[in-house]
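A.B. asks: Below are the sequence and a predicted model; questions follow.
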Amino acid sequence: MIRTREAGTLRSADLGKQVVLAGWVARRRDHGGVAFLDLRDASGVAQVVVRDSDAAADLRSEFCVKVVGEVAARPAGNENPELSTGDIEVVATEVEVLSVADALPFPIDEHLTVGEEARLRHRYLDLRRDEPARLLRLRSQTMKIIRDVMDDQGFLDIETPNLTRSTPEGARDFLVPVRLQPGSWYALPQSPQLFKQLLMVSGFERYYQIARCFRDEDFRKDRQPEFTQLDIEMSFVEQDDVIAIGEAVVSAVWKSIHGHDIPLPLPRMTYAEAMTRFGSDKPDVRFGCELVELTQYFADTPFRVFQPQGGNWYVGAVVMPGGASQPRKELDGWQEWAKARGAKGLAYVLVGEDGELGGPVAKNLSDGERAGLAQASGAAPGDAVFFAAGQRPEAQALLGAARLEIGERKGLIDTSRWAFLWVVDAPMFEADGSGGWTAVHHPFTAPHESWLDNFHDQPETALAYAYDLVLNGNEIGGGSIRIHQVDVQRRVFEVIGLTPEDADAKFGFLLEAFKYGPPPHGGIAFGLDRLVALLGNAESIREVIAFPKTASGGDPLTGAPTPITAAQRREAGIDAKPEPASSS
Ligand code: ASP
């Protein structure tokens with residue numbers, strides 16, 4: 001070893017010891033011919049005193065150095081109680097520069113805000129900083145805790161391929177050309193879903209993997225094209241068994257990292273209740289402002305916008321406490337906010353301190369509607385009431401989003417809480433917008449027992465054994481009990497418009513495996529990036545990934561993605577025409 005001690009471990013008990021340290025010059029101060037260095041290594045920081053001005057002459061920020069010296073007490077009054085090494089300093093007898101550093105693109109040890117592009121471009125320097133490094137350490141710790149829990153519970157860690165064919169999570173695949181079979185392509189897995197089910201057919205019974213998943217989706221603020229899941233599958237289980245494992249994982253993680261006891265079992269809420277009360281399938285239950293349904297209240301309204309228009313019609317409201325005093329500009333801002341979400345606008349009524357209703361909608365209502373509205377919506381004098389009218393799911397979702405916005409703007413969210421809950425009984429299918437159905441979870445999700453025989457007759461109401469774990473309004477995990485009967489699987493494919501031929505072409509290998517005694521099974525996957533981001537109070541999942549892509553999908557460090565050369569293109573066989581299907 002180049003050094004004998006790690007800088008951050010030195011204490012008063014080491015006084016008088018000769019040590020050899022190695023690390024980076026985090027900071028340098030000069031006082032009357034003496035240089036004081038903060039020497040940083042992975043363990044922390046120690047102060048080094050260099051009295052020989054020649055030795056200190058060329059030391060600059062982020063030089064990598066080796067220091068030989070003696071541990072001494074800091075002069076009285078110079079201790080730094082904020083630092084675990086704050087009682088001591090190392091008086092250098094020898095300083096060797098191991099490597100030099102150019103002028104830095106941004107300061108490492110300052111609490112300065114640095115633009116994300118610059119940070120990611122020099123991510124290796126960014127990771128020398130305390131907070132980014134803390135989050136990666138937290139991630140590592142979390143993975144260790146998870147692995148211990150899984151191991152204790154008898155789960156086997158099994159890897160599954162990254163070069164494979166399409167998996168069924170409903171996103172677009174990333175494709176990889178195959179040089180040796182021009183015209184054929186691998187898909188990167190959107191999740192290990194089908195492989196973990198095959199492992200159940202194999203009889204392993206308890207599988208887990210910390211797996212990388214790849215989904216080619218449109219860029220969104222906090223999404224990464226590749227991300228990490230804790231992926232779990234179990235045989236001979238029911239929903240409660242999988243939920244119990246999920247609870248064991250999060251309770252161990254929160255206990256070890258935060259010393260926080262999550263009260264178990266976690267509360268459960270049905271999907272329908274979550275949508276009705278919170279307008280979201282991942283409700284943030286840390287504050288109130290629940291949705292109020294007013295469909296009946298406005299059944300005979302003269303106001304055209306609220307008049308029933310068929311289908312699954314819904315009118316509802318959410319109250320913004322104290323919202324009546326918002327300036328006109330802010331109320332207009334809400335309209336823009338709603339339009340950005342694809343809504344026409346956000347109708348509102350202001351409840352004056354005298355109880356009188358104001359705002360453009362109020363005069364369109366009947367006298368009776370105006371008189372009872374504050375009470376029906378639960379608004380008090382001084383509040384604003386926002387409305388949505390339309391098809392139930394969309395209108396509820398708009399109010400749900402408005403509710404979150406209200407919670408944030410008004411500071412109603414108790415950020416000291418960890419509000420976990422399971423959302424259960426999700427629907428099996430949702431309308432795909434062109435008259436057909438898609439699977440809400442994925443098409444291997446089992447119908448609820450009570451829907452086993454007739455889900456295909458009423459796809460709009462059929463429920464699944466699907467469950468999501470929600471924390472503070474974020475979905476951190478989701479899974480389901482799977483279908484293990486070929487005929488049920490075939491009926492699901494039928495509902496989502498997959499012909500038996502399509503189903504065979506896409507998932508034939510799974511259906512084939514299901515001919516050989518598949519056990520009843522189910523599982524769950526946790527989004528590890530999100531989980532660690534929440535644990536560490538990080539602003540984005542990018543903060544807990546060593547080398548993330550930017551919000552627009554690029555990597556400023558390597559410059560990926562890049563164009564390829566004509567030669568690469570030829571060699572990879574990208575333009576090759578697939579062979580006509582052989583008739584054998
Ligand atoms: N494969 C699913 C997903 O990635 C999780 C599961 O059903 O276990 O969302």
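C.D. replies: Noted; the coordinates are in hand. Numbering: from 1, shown residues only.
A.B. asks: Please make it C-alpha for all contacts and neighbour counts, starting now.
C.D. replies: OK.
A.B. asks: Tell me where the chain has helices.
C.D. replies: Secondary structure of the chain (DSSP state H): helices located at 53-56, 116-121, 123-126, 130-152, 193-201, 239-258, 271-278, 328-340, 367-377, 392-409, 486-495, 500-513, 528-535, 566-572.
A.B. asks: Quick one: residues contacting the one residue in the stretch 51-200 of the chain that gets nearest to the ligand.
C.D. replies: Here the residue of the stretch 51-200 of the chain nearest the ligand is residue 193; by CA to the nearest ligand atom that distance is 4.6 Å. Neighbouring residues of residue 193 by CA atoms under 8 Å, 6 or more residues apart in numbering: 167, 168.
A.B. asks: now could you export just the CA positions of stretch 379-387 as CSV?
C.D. replies: Extracted C-alpha coordinates of stretch 379-387, given in CSV (Å, rounded to 0.1, in the frame of the first residue of the first chain):
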residue,chain,number,x,y,z
ALA,A,379,-64.7,24.9,0.8
ALA,A,380,-64.4,27.6,3.5
PRO,A,381,-64.5,31.4,3.0
GLY,A,382,-61.3,32.5,1.4
ASP,A,383,-60.8,29.2,-0.5
ALA,A,384,-60.7,28.5,-4.3
VAL,A,385,-62.5,25.5,-5.8
PHE,A,386,-61.1,24.0,-8.9
PHE,A,387,-63.3,21.8,-11.1
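A.B. asks: So which residues on the stretch 451-584 of the chain come close to the ligand?
C.D. replies: Neighbours of the ligand within the stretch 451-584 of the chain, by CA under 6 Å from any ligand atom: 478, 479, 480, 523, 524, 525.
A.B. asks: Check those for burial and list the buried ones.
C.D. replies: Buried residues within those, counting neighbours by 16 or more other CA atoms under 10 Å: 478, 479, 480, 523, 524, 525.
A.B. asks: ok, the last one touching residue 234?
C.D. replies: No. When contacts are counted by CA atoms under 8 Å, residue 525 is not listed as touching residue 234 (11.7 Å).
A.B. asks: residues from the stretch 151-300 of the chain in reach of the ligand?
C.D. replies: 191, 193.
A.B. asks: so where is the stretch 151-300 of the chain shaky, pLDDT-wise?
C.D. replies: Counting by pLDDT under 70, not a single residue of the stretch 151-300 of the chain qualifies.
A.B. asks: all strands of it, in order?
C.D. replies: Per DSSP state E, counting those that start in this stretch, the stretch 151-300 of the chain carries strands over the ranges 156-157, 175-177, 185-187, 206-214, 226-235, 268-270, 292-293.
A.B. asks: Give me whichever of those strands is most buried.
C.D. replies: strand 226-235 (a mean of 23; mean count of other CA atoms under 10 Å).
A.B. asks: contacting residues for the closest residue to the ligand within the stretch 351-500 of the chain?
C.D. replies: Of the residues in the stretch 351-500 of the chain, the one nearest the ligand is residue 479, at a distance of 3.6 Å by CA to the nearest ligand atom. Applying CA under 8 Å, 6+ apart, we find residue 479 in contact with 441, 466, 467, 468, 522, 523, 524, 525.
A.B. asks: Also residue 527?
C.D. replies: Per CA under 8 Å, 6+ apart, neighbours of residue 527: 227, 228, 229, 230, 476, 477.
A.B. asks: Which residue is the nearest non-sequential neighbour of it?
C.D. replies: In this structure, residue 527 finds its nearest non-sequential neighbour in residue 229, 4.7 Å apart by CA to CA, 6 or more residues apart in numbering.
A.B. asks: Report the beta-bridge partners for the one you found.
C.D. replies: Applying DSSP bridges to residue 229 gives these bridge partners: residue 211, residue 527.
A.B. asks: The stretch 401-550 of the chain: strands as residue ranges?
C.D. replies: So, for the stretch 401-550 of the chain - with DSSP E, counting those that start in this stretch - the strands run 420-424, 429-431, 437-439, 466-471, 474-481, 521-527.
A.B. asks: Apart from its chain neighbours, what residue comes closest to residue 464?
C.D. replies: In space, residue 464 is closest to residue 447, 4.2 Å off (CA to CA, 6+ apart).
A.B. asks: If I look at the one you found, what pLDDT would I see?
C.D. replies: For residue 447, the model assigns a pLDDT of 97.
A.B. asks: Also the one 4 residues further on?
C.D. replies: Note for residue 451: predicted pLDDT of 95.
A.B. asks: correct me, but it touches residue 459?
C.D. replies: No. Contact criterion CA under 8 Å: residue 451 and residue 459 do not qualify, at 9.7 Å.
A.B. asks: how about the residue nearest to residue 38 when sequence neighbours are not counted, what does it touch?
C.D. replies: What sits nearest to residue 38 in space, not counting adjacent residues and going by CA to CA, 6+ apart, is residue 47, at 4.7 Å. Neighbouring residues of residue 47 by CA under 8 Å, 6+ apart: 36, 37, 38, 39, 85, 88, 89, 90.
A.B. asks: Count the neighbours of the third one for me.
C.D. replies: The local packing of residue 38 (other CA atoms under 10 Å) involves 22 other residues.
A.B. asks: Return the set of residues that bridge with it.
C.D. replies: In beta-bridge terms (that is, DSSP bridges), residue 38 pairs with residue 27, residue 47.
A.B. asks: Could I get the pLDDT score of the closest residue to residue 125 other than its chain neighbours?
C.D. replies: Distance criterion CA to CA, 6+ apart; nearest residue to residue 125, sequence neighbours excluded, is residue 108 at 7.0 Å. pLDDT, residue 108: 92.
A.B. asks: Over to residue 311?
C.D. replies: 89.
A.B. asks: and if you look at residue 580?
C.D. replies: Residue 580 is assigned 69 on the pLDDT scale.
A.B. asks: mind listing what's buried in the helix or strand bottoming out on mean pLDDT in the chain?
C.D. replies: Sorting the helices and strands of the chain by mean pLDDT, DSSP states H and E puts helix 53-56 at the bottom, at a mean of 83. Neighbour-count burial for helix 53-56 flags 55, 56 (criterion: 16+ other CA under 10 Å).
A.B. asks: who does it touch, helix- and strand-wise?
C.D. replies: When contacts are defined as 3 or more CA pairs under 8 Å, 6 or more residues apart in numbering; DSSP states H and E, helix 53-56 packs onto strand 34-41, strand 88-99.
A.B. asks: Can you give me the pLDDT of residue 111?
C.D. replies: Reported pLDDT for residue 111: 74.
A.B. asks: Over to residue 584?
C.D. replies: Per-residue pLDDT puts residue 584 at 46.
A.B. asks: coming back round to it: and the helices and strands packed on helix 53-56: which comes nearest residue 337?
C.D. replies: When the helices and strands packed on helix 53-56 are compared by CA to CA, strand 34-41 sits nearest residue 337, at 46.3 Å.
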